[in-house]
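*Asks:* Sequence first, then the predicted structure:
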Amino acid sequence: MEAERQSATTPDVTVVIPTHNRHSLLIETLESVADQDWPSWECIVIDDGSEPPVSLPAGLSQAKLVRRAIRGGPAAARNTGLRAASGRFIAFLDDDDLMVPSRIRIGMEALQANPDANCHIGALIKSDSPDLEKIPIESTSSTPRRSGTSRLSVEQILIRRDLVKEFDESLRVGEDVDWWLRVEPTVAAIVTLDVVTVVRSHDEVRPGVSSEVRFQARLRTYKKHRHLLPTWGNKRSRLQRRVAEAALKAGRPHTATRYAMAAVVSRPDMRKVKVLFMAGGTSFRKLLTRQWRQPTGSSNP
């Protein structure tokens, strides 16, 4: 009897929203959660050191506010929310984005129809674009499967609570990429093309993370996971390209060259490496071209 009562009061889904100094955008984000057409959910809002402190709108009884006195960044805020969550499944949402009204229902119905699945991955769309963004695989699938990619936003994911790992709080940026690389091997995902999240374009810009901090975070993520990645292929090449991009912006052309060359070797058709190729100047292009004369894989970091 007690177990039945506990099951009846446990929400199906906990929506975790970290926030910092985005008071007006957060109100609209919370309205999108309140408009869900699936009744069983809770929302944990983590105020990550906002000034003034965040307050929740009246009437949002399914939302809880957790305050952090000192700002810890997205990873620390999400971890705080995970510790307060009681739902059987977890969904993540940024404080400036929106859930479509059917977001929770889409994920729950997909999981109910596929009992072997423990995670649903939907599509993401930008508010200023009619095109679907970040579709994780080439086509839809009715069979639970690994998504096989690191090109994913946590806002696309609805995942069973016991599979969720904590975010690496030492990473100020890219913590979501690191998180998915650690979680994905345990996941049997059902992937659909249903839009679940709208990423908004707006003018509220936070103070940016320095180029050097971004570079160090991307480099650490790659080195942390490279031993688990296939020697060739899209996933390794994408992470190498991300390091190269960050290195170039941080004023580290030699490191950028090294990782851009490695990205080409890992996946020679990697189109975005061409951007680095053109941006790096003549010496960069000579170094990159030189890679083709070396034995395959000889300089792969």
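*Replies:* That came in fine, so what should we check first? Numbering: from 1, shown residues only.
*Asks:* Does anything pack onto the helix or strand harbouring residue 182? Which helices or strands?
*Replies:* Secondary structure assignment for residue 182, by DSSP states H and E: helix 175-183. Packing contacts for helix 175-183, counted by 3 or more CB pairs under 8 Å, 6 or more residues apart in numbering; DSSP states H and E, involve helix 74-84, helix 211-225. C-beta here means a position set from N, CA and C on the backbone, and glycine is covered the same way.
*Asks:* any low-confidence regions in the stretch 151-300 of the chain?
*Replies:* Under the criterion pLDDT under 70, the flagged ranges of the stretch 151-300 of the chain are 151, 204-207, 232, 268-300.
*Asks:* Give me the nearest residue to residue 46, chain neighbours excluded.
*Replies:* residue 77 (4.3 Å; CB to CB, 6 or more residues apart in numbering).
*Asks:* pLDDT score for the one you found?
*Replies:* As predicted, residue 77 sits at a pLDDT of 97.
*Asks:* heads up, I number from 31, so please use that
*Replies:* That works, and once the first residue is 31, the last one we named lands at residue 107.
*Asks:* my guess is it meets residue 48, correct?
*Replies:* Yes: the criterion here is CB atoms under 8 Å, and residue 107 meets it with residue 48 at 3.3 Å.
*Asks:* quick one: common contacting residues for these two?
*Replies:* 76, 78 (CB atoms under 8 Å, 6 or more residues apart in numbering).
*Asks:* pull the longest strand from this protein.
*Replies:* Longest strand in the chain, counting residues (DSSP state E): strand 219-229.
*Asks:* buried ones in that strand?
*Replies:* 219, 220, 221, 222, 224, 225, 226, 227, 228, 229 (16 or more other CB atoms under 10 Å).
*Asks:* mind showing which ranges of the stretch 31-180 of the chain have poor pLDDT?
*Replies:* For the stretch 31-180 of the chain, the ranges with pLDDT under 70 are 31-38, 159-180.
*Asks:* Okay, helices next: where are they in it?
*Replies:* Along the stretch 31-180 of the chain, the stretches classed as helices by DSSP state H, counting those that start in this stretch are 32-39, 53-64, 104-114, 133-143.
*Asks:* Quick one: closest of those to residue 245.
*Replies:* helix 104-114 (17.6 Å; CB to CB).
*Asks:* hang on, residue 151 packs against residue 223?
*Replies:* No: using CB under 8 Å, residue 151 is not in contact with residue 223; the gap is 10.1 Å.
*Asks:* count of neighbours near residue 82?
*Replies:* 8 (other CB atoms under 10 Å).
*Asks:* For it, which residues are in contact?
*Replies:* residue 53.
*Asks:* again, 10 Å this time
*Replies:* 51, 53 (CB atoms under 10 Å, 6 or more residues apart in numbering).
*Asks:* Can you report phi and psi for it?
*Replies:* phi -70, psi 170 (degrees, to the nearest 10).
*Asks:* swap in residue 148?
*Replies:* Per degrees, to the nearest 10, the backbone of residue 148 is at phi -130, psi 10.
*Asks:* Can you get me a residue count around residue 158?
*Replies:* So residue 158, with other CB under 10 Å, has 8 neighbours.
*Asks:* What about the nearest residue to it once chain neighbours are set aside, how many residues nearby?
*Replies:* Closest residue to residue 158 apart from its sequence neighbours, by CB to CB, 6+ apart: residue 231 at 4.7 Å. By other CB under 10 Å, the residues close to residue 231 number 9.
*Asks:* Would you agree residue 231 is in contact with residue 128?
*Replies:* No: counting by CB atoms under 10 Å, residue 231 stays clear of residue 128, with 11.8 Å between them.
*Asks:* which neighbours do these two share?
*Replies:* Contacts common to residue 231 and residue 128, judged by CB under 10 Å, 6+ apart, are residue 157.
*Asks:* Tell me who's in contact with the closest residue to residue 50 other than its chain neighbours.
*Replies:* Distance criterion CB to CB, 6+ apart; nearest residue to residue 50, sequence neighbours excluded, is residue 78 at 4.5 Å. Residue 78 sits next to 48-51, 84, 96-104, 106-108, 110-111, 125 when contact means CB under 10 Å, 6+ apart.
*Asks:* Quickly list what residue 78 is bridged to.
*Replies:* Beta-bridge partners recorded for residue 78 (DSSP bridges): residue 98.
*Asks:* how close does it sit to residue 66?
*Replies:* For residue 78, the distance to residue 66 (CB to CB, to the nearest Å) stands at 24 Å.
*Asks:* Show me what residue 149 bridges to in the sheet.
*Replies:* Under the criterion used (DSSP bridges), residue 149 bridges to residue 189, residue 219.
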